[in-house]
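Asks: sharing a sequence plus its predicted fold:
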Amino acid sequence: MKKILVFLTAWTLAGVAQGQETLVGKPAPDITAPTPAGPALSLSSLRGKVVLIDFWASWCAPCLQEQPALKTLYRQQLNEFVRDGSFEILGVSLDKNRENWVRAIERLGTPWPQVSDLKFWKSPIAKTYGLEGLPFNVIVSRSGHVIAADLHGDALRDFLLQQLRSHR
């Protein structure tokens, strides 16, 4: 039984990794969804910046645990790139309840733009990006191509700093 469980876990992770690989190097599919204030925001409006698309949800405990470190990264280590307009994070929520989504944004105090179509896993955005679990992220180059996917912690910080510093 243990061998079957190990095999199924490895097979599932390989499938997720394969799905992520298919994004890298390709143009990032555009995302257009409402912001908490109402008007829609599109990924294409951020063209010319390196963009970290952060897929999350208010009901996702690992997503919520990751947010403070992401906020520190944004406000401290990447702040010069945010200020000069070369970097942005776009939060994309898979919530289905608007009130929970907005409350989570307020509680977390995330300073970057947030969008959600409030369609949960049925979101066309989730399907387009092949989401199979959260948290998940995609890094988009200034030219609009996916350059990395599903990086977290130090790996995310190091990759973003390398990308931003090398293109000054």
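Replies: Sure thing, it's come through.

Asks: for stretch 44-53, give me every contacting residue.
Replies: 28, 30-32, 43, 81, 85-90, 92, 129, 137-142, 144, 156, 160, 163-164, 167 (C-beta atoms under 8 Å, 6 or more residues apart in numbering). (C-beta placed from N, C-alpha, C; glycine too.)

Asks: check the gap between residue 92 and residue 156 for me.
Replies: 16 Å (C-beta to C-beta, to the nearest Å).

Asks: out of these two, which sits in the busier spot?
Replies: Counted by other C-beta atoms under 10 Å, residue 92 and residue 156 do not tie: residue 92 has more neighbours, with 25 against 20.

Asks: show me the helices in the chain, by range?
Replies: 2-23, 61-72, 79-83, 98-108, 124-128, 153-166 (DSSP state H).

Asks: adding mean pLDDT and distance to residue 37, write those helices out as a markdown table.
Replies: Shown next, in a markdown table, are those (pLDDT from 0 to 100; distance: least, C-beta to C-beta, whole Å):
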| stretch | mean pLDDT | distance to residue 37 |
| --- | --- | --- |
| helix 2-23 | 45 | 29 |
| helix 61-72 | 97 | 20 |
| helix 79-83 | 96 | 20 |
| helix 98-108 | 98 | 10 |
| helix 124-128 | 97 | 19 |
| helix 153-166 | 96 | 27 |
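
Asks: which one of the ones you listed lies closest to residue 115?
Replies: helix 124-128 (8.5 Å; C-beta to C-beta).

Asks: could you give me the buried positions within the closest one?
Replies: The neighbour-count check on helix 124-128 (16 or more other C-beta atoms under 10 Å) flags 125, 126 as buried.
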